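Undergrad: next comes the sequence, and after it the predicted model I'd like to discuss.
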Amino acid sequence: MSFLRVKEQLIQFVLFLCAFVSVIVTVSIIYILFKESFYGNADGAGFFARYSLAQFLTGTTWAPQNGQVGVLPLISATLVITGIAAAISLPLGLASAIFLSEYASPRLRSFLKPTLELLAGIPTVVYGYLALVFVTPYLLKPLDPLVTKLFTDAVSHFNAASAGIVVGLMIIPMVSSLSEDVLRAVPRGLREAGLALGATRFDVSCKIVIPAALSGILASFLLAISRALGETMAVAMAAGAFARLSLNPFLDMQTMTGYIAEASKSDATRGSDEYIAIYAVGMTLFVMTFVLNILSQFILKRFREVYH
Amino acid sequence: MALTPEETSEVNAGDSVLRLRMRHFISGAFHLLCSLSAWVGIVALVVMLVVIFRMAQGSLDWKFLTSFDSASPNRTGILVGIWGTFWLMLMTSVIAIPVGVAAAVYLEEYARKNWLTNLIQLNISNLAGVPSIVYGILGLTVFVRNMQMGNTLLSAALTLSILVLPIIIIATQEALRSVPQSIRHASLALGATKWQTIWAQVLPASIPGIMTGVILSLSRAIGESAPLIVLGAVTYIGQTPGKIETIPQLLRDPAAISQVPMASYTVLPLQIYNYAALQAKSGFRHEAAAAIIVLLAILLSMSSIAIFIRHRFQKNLKW
């Protein structure tokens, strides 16, 4: 074998190793989360060696320093904020995508699309700051009379609604970009056939184009929701650190990501319950987003329309 | 009472005209709705920027940029944050870009379409969707604890490199795909080996796309401060990494760079977090806004550099 040949084989091997790093990363994440949760390490036993899975999944109070490890408050807070974010971003994102692909002129599109992307490029601390400084005082506090009538408690300084609003704003570009790409991929012939048969542009958009692009749109929804689930900074800043099980979005509540951030910051000793809970909560979060991501990949592959 | 055929068609015609008008109205209303939705995002962006600039009034000056953190809003500064962000981005690029580009080259140029390649691709797409704080947990366990690197720039850079790796790989793959096959075939026909073709022809041609991916990933890395919280970066840091405080100082004493990887650090987003959320006195709000403006300025200049580099390289590609 000549030297050149050997060199080529060596280079190919090195490149393969680099590609394989990604597999190593995934395996490490799964291994560490499960091992630390179930078996623990040199600092102490794992979370699930100290508490049962049932206690974790069905308990309704979260206070690991007192031995109460029901994760439902954290999950409910995460779902409340994600729900609000989805309610804002999914319709607005989809409608923006429809506007960009069906109605906007190329010039308008070349201005609007990058500008919308800017929303996604802003660091999440900035969104958290805005939630504290603008959304809560100027958008939510004025609603106090209405909120007090409905929920008894007034809008609190830290609340889930402001977090949900800014996170929703942040993920609008995710929905609109991905949806717009799939909408544009629908062949023009389908639209023109509809218009030729007398359909209005609304009919064409809603009854022809969207159903054709549905798999991509759904996939984009799932990806955006998965992003909202994993958001940390904006939520930790705006929603507070009090773990409560409640559906009132105007109160402060702590999400899964918020707890992980808070427990890392605090002076919790290694091996203590609140510290080891990081792994259990992290594992729960990872499983939730992992399932959503796999589902979105599956939908994308399975239901993709094939055009000739 | 039954209608005559003439009357029936008149009624039907009237109905049809009315229905048609309704449908056109709905179509117009829908158009309006969609365009308003698209503009909501823009309006929100403008409102956000206005709020930030108004809150920062008076706080953004040279003293702010060159002071250390302090318990008093008047004397605090983001010097440590700026240097920390700079070193962190530098180290992350040095680690992530070669590995990411190499991985993408393998997947696009060398890999056969078998189950292993599909697994790796699927895996990379999944990693792109993992919450950033989970990477923080990974970094904490592997780098800070098991490898005993402690809470230093090196563990942070390694963690962030893993975070941005999928983005770089995906963007580089797209860039490589856009290079026409004829370029590769011509090179191989002239006797070049596969690697020579890639190194001399394909990679240079895909630099615009790779640069886009790199800048995208670095912008993401700058903003993702959540993993750093888990690594333990939220503490009071009294000095810059390696004690390098000004650029002339760095040029006079380049050896100080060796101190940087193992130094404690903080980054600009975390200082913003400190100002905005952890300080009980609301007096820090203005400082937070000023720091945000600096952060946005850094991101803006990075994007501009990327667009510029893209343009320069795109001009030389003619096919």
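TA: That came through, no problem. Numbers count the residues shown, from 1 in each chain, chains lettered A, B, ... in the order given.

Undergrad: and the residue in the stretch 51-200 of chain A positioned nearest to chain B, what does it touch?
TA: Checking the stretch 51-200 of chain A residue by residue against chain B with CB to the nearest CB singles out A:P123 as nearest, at 3.0 Å. Every residue, glycine included, has its C-beta placed from N, CA and C. With contacts defined as CB atoms under 8 Å, 6 or more residues apart in numbering or on different chains, the neighbours of A:P123 are A:M233, B:I222, B:G223, B:E224, B:S225, B:P269, B:L295, B:L299.

Undergrad: again, only this time at 10 Å
TA: Residues near A:P123 by CB atoms under 10 Å, 6 or more residues apart in numbering or on different chains: A:129, A:170, A:233-234, B:219-220, B:222-225, B:268-269, B:272, B:292, B:295-296, B:299.

Undergrad: and the strand or helix carrying B:S37 with chain A, contact?
TA: Take DSSP states H and E as the rule and B:S37 turns out to sit in helix B:5-55. Yes: against chain A, helix B:5-55 shows contacts by CB under 10 Å from any CB of the partner chain at B:20, B:23-42, B:44-52, B:54-55.

Undergrad: ranges for the helices of the stretch 101-250 of chain A?
TA: Taking DSSP state H, counting those that start in this stretch to define them, one finds helices in the stretch 101-250 of chain A at A:106-121, A:124-130, A:144-151, A:160-185, A:188-196, A:201-203, A:210-212, A:214-230, A:233-239.

Undergrad: next: chain B.
TA: B:5-55, B:62-66, B:79-105, B:115-128, B:132-139, B:153-177, B:181-189, B:194-197, B:203-205, B:207-223, B:226-231, B:247-252, B:268-273, B:285-316 (DSSP state H).

Undergrad: nearest to A:L143, out of the ones you listed?
TA: A:L143 lies closest to helix B:5-55 among those, at 17.9 Å (CB to CB).

Undergrad: so which elements touch the closest one?
TA: Helix B:5-55 is packed against helix A:72-98, helix A:106-121, helix A:124-130, helix A:160-185, helix A:201-203, helix B:285-316, with contacts defined by 3 or more CB pairs under 10 Å, 6 or more residues apart in numbering or on different chains; DSSP states H and E.

Undergrad: most packed of these?
TA: Among the helices and strands packed on helix B:5-55, helix A:124-130 has the highest mean neighbour count (mean count of other CB atoms under 10 Å in any protein chain shown), at a mean of 28.

Undergrad: where in the stretch 51-200 of chain B is pLDDT low?
TA: For the stretch 51-200 of chain B, applying pLDDT under 70 flags no range at all.

Undergrad: identify the residue of it closest to chain A, quick one.
TA: Nearest to chain A, among the residues of the stretch 51-200 of chain B, is B:P131, at 2.4 Å (CB to the nearest CB).

Undergrad: now that residue: how far from A:V135?
TA: Relative to A:V135, B:P131 is positioned 23 Å away (criterion: CB to CB, to the nearest Å).

Undergrad: with neighbour numbers in mind, choose between the two.
TA: Neighbour tally, B:P131 and A:V135, criterion other CB atoms under 10 Å in any protein chain shown: the higher count belongs to B:P131, 26 against 22.

Undergrad: tally of neighbours for A:R5?
TA: Per other CB under 10 Å, the neighbour tally for A:R5 reads 10.

Undergrad: for whichever helix or strand it is part of, the distance to its chain's centre please.
TA: Secondary structure assigned from DSSP H and E places A:R5 in helix A:3-38. Helix A:3-38 has its average C-alpha position 27 Å from the chain's average C-alpha position, going by CA atoms, centre = their mean, to the nearest Å.

Undergrad: one more: stretch A:162-176?
TA: Centre-to-centre, stretch A:162-176 and its host chain are 10 Å apart (CA atoms, centre = their mean).

Undergrad: ok, now which ones touch the residue nearest the centre of chain B?
TA: Centroid-nearest residue in chain B, with CA atoms, centre = their mean: B:R220, separated by 2.3 Å. Under the criterion of CB under 10 Å, 6+ apart, the contact partners of B:R220 comprise A:A120, A:G121, A:P123, B:S132, B:L160, B:L163, B:V164, B:I167.

Undergrad: and the furthest pair within those residues?
TA: A:A120 and B:L160 (18.3 Å).

Undergrad: circling back: and the pLDDT for the residue of the stretch 51-200 of chain A closest to chain B?
TA: Note on A:P123: pLDDT of 92.

Undergrad: same question for B:K281.
TA: pLDDT, the model's per-residue confidence, is 57 for B:K281.

Undergrad: which residue does the stretch 101-250 of chain A bring closest to chain B?
TA: In the stretch 101-250 of chain A, no residue comes nearer to chain B than A:G230, which is 2.4 Å away by CB to the nearest CB.

Undergrad: what residues are up against the nearest residue to that residue once chain neighbours are set aside?
TA: Distance criterion CB to CB, 6 or more residues apart in numbering or on different chains; nearest residue to A:G230, sequence neighbours excluded, is B:P131 at 2.4 Å. Neighbour list for B:P131: A:226-232, A:256-257, A:260, A:282, A:285-286, A:288-290, B:137, B:226-227 [criterion: CB under 10 Å, 6+ apart].

Undergrad: filter those down to the buried ones.
TA: Judged by neighbour count, with 16 or more other CB atoms under 10 Å in any protein chain shown as the criterion, the buried members of the contacts of B:P131 are A:226-232, A:256-257, A:260, A:282, A:285-286, A:288-290, B:137, B:226-227.

Undergrad: quickly check: stretch A:203-217 near chain B or not.
TA: Yes: using CB under 10 Å from any CB as the criterion, contacts between stretch A:203-217 and chain B involve A:D203, A:V204, A:S205, A:C206.

Undergrad: which residues does the third one contact?
TA: Yep, that's A:S205 we're talking about. A:98-99, A:101-103, A:183, A:191, A:194, A:199, B:27, B:30-31, B:34.

Undergrad: so which of the helices of the stretch 101-250 of chain A is nearest A:Y31?
TA: Evaluated with CB to CB, the helices of the stretch 101-250 of chain A place helix A:214-230 nearest to A:Y31, the distance being 19.7 Å.

Undergrad: show me the shaky parts of the stretch 201-319 of chain B.
TA: Low-confidence segments of the stretch 201-319 of chain B, defined by pLDDT under 70, are located at B:278-282, B:316-319.

Undergrad: can I get the contacts of A:S205 in a markdown table with distance to B:Y110 and pLDDT?
TA: Converted to a markdown table, the contacts of A:S205 look like this (distance: CB to CB, whole Å; pLDDT from 0 to 100):
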| residue | distance to B:Y110 | pLDDT |
| --- | --- | --- |
| A:I98 | 41 | 94 |
| A:F99 | 42 | 94 |
| A:S101 | 36 | 91 |
| A:E102 | 41 | 89 |
| A:Y103 | 44 | 90 |
| A:L183 | 35 | 92 |
| A:R191 | 41 | 92 |
| A:G194 | 45 | 93 |
| A:A199 | 49 | 89 |
| B:S27 | 52 | 91 |
| B:F30 | 49 | 93 |
| B:H31 | 49 | 92 |
| B:C34 | 45 | 93 |
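
Undergrad: any stretches of the stretch 1-150 of chain A with poor pLDDT?
TA: Counting by pLDDT under 70, the ranges of the stretch 1-150 of chain A that qualify are A:1.
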